[in-house]
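Undergrad: got a structure for you, letters missing:
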């Protein structure tokens with residue numbers, strides 16, 4: 001059975017961030033994830049995890065100035081020091097939260113920089129981050145963001161993500177397979193997942209179109225969850241969707257599909 005994790009960046013957004021831990025617990029979740037902890041009081045978040053008996057399974061490395069449009073800094077030759085400082089900061093927080101997996105949003109294409117230079121720096125930075133995280137038994141994952149939602153992102157499809165994983169050639173680098181982004185850009189979900197099972201470290205989901213909960217769009221999640229079990233996926237499945245209605249109302253599909261939190 002899938003181990004569902006509430007993505008607190010996307011769910012329970014009608015309330016303050018810190019209150020979302022309690023609401024996730026009340027919904028029955030045992031696992032949570034979210035984009036970034038850095039803008040919050042880290043000690044407060046750590047306390048919420050303990051108080052609510054929640055396990056955090058993932059967050060992202062620092063990704064630059066999000067409000068200014070940054071979606072990661074790993075692809076910029078002039079921001080290598082910033083990237084490495086972010087890796088060190090993420091390790092500190094991960095150790096406090098007891099998180100053993102971190103995601104790297106690599107960043108967007110800059111037409112003023114040769115593509116070969118951006119790709120070279122990205123590979124070097126991923127190797128560095130995977131090595132540093134590995135020293136603390138923390139795994140690094142990377143994800144793709146489809147070009148319709150995130151034009152210019154340097155990893156746009158599962159195919160590209162796996163190619164980068166091959167080039168980096170680090171045993172501590174896995175893929176975060178986001179089903180929503182994969183469907184929008186490439187499709188072929190079940191076969192891709194089975195073929196690359198050993199290379200996938202984390203899964204996130206939303207339906208398409210609309211990026212809402214399973215059952216609102218074209219993706220056959222009843223089949224896909226059974227398929228993940230069949231091929232032997234034992235990792236977490238992050239619910240990174242925009243709820244139709246309240247988050248609590250959006251969770252009905254879990255029981256309808258025969259699962260429980």
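TA: Perfect, thanks for sending it. As the structure is a prediction and not an experimental result, all values here were calculated from the model.

Undergrad: Now for the chain: which helix has the highest residue count?
TA: Longest helix of the chain, by residue count under DSSP state H: helix 115-134.

Undergrad: Give me the neighbour count for residue 250.
TA: Other residues near residue 250 come to 20 when the count uses other C-beta atoms under 10 Å. Quick note: C-beta positions are derived from backbone N, CA and C, even for glycine.

Undergrad: ok, the residue lying closest to it once chain neighbours are set aside - contacts?
TA: Once flanking residues are discounted, residue 250 sits nearest to residue 243: 3.6 Å by C-beta to C-beta, 6 or more residues apart in numbering. Shown in contact with residue 243 (C-beta atoms under 8 Å, 6 or more residues apart in numbering): 10, 11, 212, 213, 249, 250.

Undergrad: Over to residue 115?
TA: residue 109.

Undergrad: ditto for residue 62
TA: If you count contacts by C-beta under 8 Å, 6+ apart, residue 62 has them with 36, 38, 73, 82, 85, 86, 89, 90.

Undergrad: Spell out the secondary structure type for it.
TA: Assigned by DSSP: H, G, I helix; E, B strand; the rest coil, the conformation of residue 62 is coil.

Undergrad: For it, what are phi and psi?
TA: Here is the backbone geometry of residue 62 (degrees, to the nearest 10): phi -50, psi 140.

Undergrad: just wondering, since we're on it, how far is it from residue 205?
TA: 25 Å (C-beta to C-beta, to the nearest Å).

Undergrad: circling back to that earlier point, what mean pLDDT does the longest helix of the chain have?
TA: Across helix 115-134, pLDDT averages out at 98.

Undergrad: In its sheet, which strands sit next to the helix or strand just after that helix, and in what direction?
TA: Downstream of helix 115-134, the next assigned helix or strand under DSSP states H and E is strand 139-143. Strands that pair with strand 139-143, judged by DSSP bridges, come out as strand 101-104 (parallel), strand 173-178 (parallel).

Undergrad: ok, back up a step: chain center to the longest helix of the chain, what's the gap?
TA: 18 Å (C-alpha atoms, centre = their mean, to the nearest Å).

Undergrad: buried stuff in it?
TA: Buried residues in helix 115-134, counted by 16 or more other C-beta atoms under 10 Å: 118-119, 121-123, 125-130, 132-133.

Undergrad: Quick check: closest non-adjacent residue to residue 232.
TA: residue 197 (6.4 Å).

Undergrad: Give the full set of residues in contact with the one you found.
TA: Contacts of residue 197 by C-beta under 8 Å, 6+ apart are 231, 232, 233.

Undergrad: Neighbours of residue 184, how many?
TA: For residue 184, using other C-beta under 10 Å, the count is 21.
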